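> Kindly return the folded structure for what I paste below:
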Amino acid sequence: MAALEEIRVYPVKGLGGISLDRAEITEGGTLAYDREFALFEDGEIINAKDSENFHKLSTTFEPETRELHVSAPDGSELSFALDETAEQERAQQWFSEYFEMDLTLRRNTDLGYVDRRRMGPSVISTATLEAVASWFEDLSVEGARRRLRANVEVSGVEPFWEDRFVGEDAPAFEVGDVQFEGVTPCARCVVPQRDPDTGEPLERFRNTFIENRRESFPAFADESAFDHFYTLMIISRIPDADRDETLAVGDTVERVKQ
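Residues are numbered from 1 along each chain as shown. I've put the predicted structure just below:
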């Protein structure tokens, strides 16, 4: 039976994610806490696409208190209570010194700082992560999960299950009482190529990925919806009517009948 296997959000854009048992849907259609904070330089968001040094920070986050714990490469341990203005400013100063940039830390609780504005959670299946891990020597499923950074993971389905929900006349699916509509495949950037702990690139990652993605592309998917094969997981949209609902691990996942 298809079920919601994991909910993962990334409270500070570019830094590590946390797993949740439950997640509320925001007014903007994203998951609460996801990319709620972001670092800006000259009005532009800075994240792991811009600096491999994001990977060298180990972080945890406590949703209820908005407390961010950071382990730095030099061994120092820091905590910032990001619900408090003074603590946000302290974090901003520390990150500015760490990245050697003049950074501003901003917060958005309605939508977060997701890459694709006005779209919702990213979706992938456990079987897809298992398939990707099999393409690379010494890459674990958890390693693939951390590299690809999806919000919603569905178990009990076939590899690349999520691909069927994008394209012309694609169906929707429901997680518990929440409907998900596929919007677009997720084109990948440089981040999945890098080790999530060190930032070191995996040799020939992109080429190997594309070759295997092309060979394993599912017959049930609408290939015309995909601009290229360096894509994995989908970006969804949650309708306005479902934005007062909550997702919970274990929720049943079902295709919406057309």
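
> C-alpha from now on. contacts and neighbour counts both.
Will do.

> Each with direction, which strands does the longest strand along the chain pair with?
Longest strand in the chain, counting residues (DSSP state E): strand 178-187. Strand pairing for strand 178-187, using DSSP bridges, gives strand 173-175 (antiparallel), strand 231-237 (antiparallel).

> now those strands in TSV, with mean neighbour count and mean pLDDT?
TSV is the format used below for the strands paired with strand 178-187 (neighbours: other Cα atoms under 10 Å; pLDDT from 0 to 100):
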stretch	mean neighbour count	mean pLDDT
strand 173-175	19	98
strand 231-237	23	97
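
> Leu139 is nearest to which of these?
Among these, strand 231-237 comes nearest to Leu139, with 16.4 Å by Cα to Cα.

> returning to what we had before: and the strands paired with strand 178-187 as JSON lines, adding distance to Ser224?
Shown next, in JSON lines, are these (distance: least, Cα to Cα, whole Å):
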{"stretch": "strand 173-175", "distance to Ser224": "20"}
{"stretch": "strand 231-237", "distance to Ser224": "13"}
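
> Which among those strands is found nearest to Ala38?
strand 231-237 (19.8 Å).

> For Asp34, find the nearest of the strands paired with strand 178-187.
Comparing the strands paired with strand 178-187 by Cα to Cα, strand 231-237 comes nearest, at 13.9 Å.

> show me where pLDDT drops low in this structure?
Applying pLDDT under 70 to the chain flags the ranges 258.

> Could you rerun that using 90?
Counting by pLDDT under 90, the chain has low-confidence residues at 49, 110-111, 115-118, 138, 198-199, 202-203, 257-258.

> which residues are in contact with the longest strand of the chain?
Applying Cα atoms under 8 Å, 6 or more residues apart in numbering, the contact partners of strand 178-187 are 119, 163, 165-167, 170-174, 225-226, 230-239, 242-243, 245-247.
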